[in-house]
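Participant: dropping the sequence and predicted coords here.
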Amino acid sequence: MYGYHVSSASLSLDKMISDNELPCLQFYLGNNKTYQRRKIKDIEVKNIQLLQKDNYKRLFTHSPYCINLASDKDDMLTKSQNSINSELQEAEKIQAQVVVHMGSLGGIQKLIDSCNNLQIPDSYKYPLLLECSSGSKKKTKDGFSSKLGGTMRELEYVFERIPSNIGLCIDTAHVWGVGEYNIQEMSEMRRLFDDIISKIGIDKLQLIHLNGSCAEFGSFLDRHTGLGSTDEKCYDRIWKDDASSLAWLLQFCGEYNIPLIGETDDISDYKYVHRLYEYINS
Ligand SMILES: [Zn+2]
Ligand SMILES: [Zn+2]
């Protein structure tokens with residue numbers, strides 16, 4: 001199940017969803033730089049419910065980038081929590097899952113407290129997903145990275161302490177940036193998912209952000225690029241020469257019914273993935 005992040009700026013949501021052939025899609029509920037979230041109109045909700053009956057699609061909203069659920073500043077923390085609460089409330093109307101970054105600077109306990117304070121709907125499974133990060137070299141006083149959610153140790157620590165209806169989103173470009181798993185190799189890709197299965201639980205893994213990266217392995221940088229891209233300025237350091245670990249990942253996600261979302265705005269990714277699917281199924 002492969003789809004990508006679509007722009008929702010100019011269209012009504014129901015039109016955007018019906019216009020897309022994709023089995024899963026991600027979009028912003030409003031401006032991605034402000035806390036304010038857009039309300040989904042009743043007519044949109046009604047139309048989306050109808051569409052979903054005929055042709056069910058997994059829907060994801062990505063929260064804005066200013067959100068920091070681990071902020072060391074109280075006003076920012078409150079604004080972030082309020083914004084996520086209102087996004088969750090809107091997303092519930094169309095049973096979409098909300099993706100949020102794990103936050104930075106204030107320490108791991110801040111993130112855990114935030115997650116425990118949120119108003120998470122209980123009408124469907126995993127309304128909120130925490131996305132892994134590209135990590136950082138810097139640490140906070142508690143010994144964890146200042147940008148949370150890069151290492152398996154941090155993911156495990158957080159998921160043991162937050163409500164059980166919060167799920168996980170893995171971004172391949174972020175994993176690459178951290179450098180804990182060299183996902184260019186199939187054995188390392190397998191080790192990543194073995195660890196998720198044993199330390200977090202496969203049911204929690206609700207989404208893969210499938211992006212190439214032109215950052216150096218272990219650089220803690222986050223530089224999305226097209227899958228297997230040979231672009232001179234930003235070539236894909238993960239899969240440019242060998243896509244076998246990517247083929248393995250597609251197969252794995254197929255087995256467990258985990259959707260994959262591309263975030264690079266690159267139509268060639270769609271074609272690339274479909275060529276790999278054909279190869280897998282041949
Ligand atoms: Zn993200
Ligand atoms: Zn992502």
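Facilitator: Everything's here; your move. Ligands and ions are numbered 1, 2, ... in the order given.
Participant: distance of Leu25 relative to Gly228?
Facilitator: With the distance defined as CB to CB, to the nearest Å, Leu25 ends up 22 Å from Gly228. No exception for glycine: its C-beta is placed from N, CA and C like everyone else's.
Participant: same question, Tyr277
Facilitator: Relative to Gly228, Tyr277 is positioned 14 Å away (CB to CB).
Participant: what residues does this protein put near ligand 2?
Facilitator: Proximity of the chain to ligand 2 is confined to 171, 209 under the rule CB under 5 Å from the ion.
Participant: mind doing that once more with 6 Å?
Facilitator: Proximity of the chain to ligand 2 is assessed by CB under 6 Å from the ion, with 131, 171, 209, 263 identified as the residues in range.
Participant: about what we covered before: Tyr277 and Gly228: which has the busier surroundings?
Facilitator: Looking at Tyr277 and Gly228 with other CB atoms under 10 Å, you find the greater number of neighbours at Gly228, namely 20 against 15.
Participant: Ser213 is in contact with that one, correct?
Facilitator: No. When contacts are counted by CB atoms under 8 Å, Gly228 is not listed as touching Ser213 (11.5 Å).
Participant: angles on the backbone of the residue nearest to Ile166 when sequence neighbours are not counted, please.
Facilitator: In space, Ile166 comes closest to Leu128 once its chain neighbours are excluded; the distance is 5.0 Å by CB to CB, 6 or more residues apart in numbering. Dihedral pair for Leu128: phi -120, psi 140, per degrees, to the nearest 10.
Participant: find the nearest non-adjacent residue to Gln36, please.
Facilitator: The spatially closest residue to Gln36, leaving aside those adjacent along the chain, is Gly30, at 6.1 Å (CB to CB, 6+ apart).
Participant: run a quick neighbour tally on the one you found.
Facilitator: What Gly30 shows, counting by other CB under 10 Å, is a neighbour count of 20.
Participant: and the residue nearest the centre of the chain, which of the three is it?
Facilitator: Taking CA atoms, centre = their mean as the criterion, Cys169 is the residue nearest the geometric centre of the chain, at 4.2 Å. The three-state assignment at Cys169 reads strand, by DSSP: H, G, I helix; E, B strand; the rest coil.
Participant: and the strands in the stretch 1-150 of the chain?
Facilitator: Read by DSSP state E, counting those that start in this stretch, the stretch 1-150 of the chain holds these strands, from start to end of the chain: 2-4, 24-27, 58-62, 97-101, 128-131.
Participant: run me through the strand neighbours of the shortest one, direction for each.
Facilitator: This means strand 2-4. strand 260-262 (parallel) (DSSP bridges).
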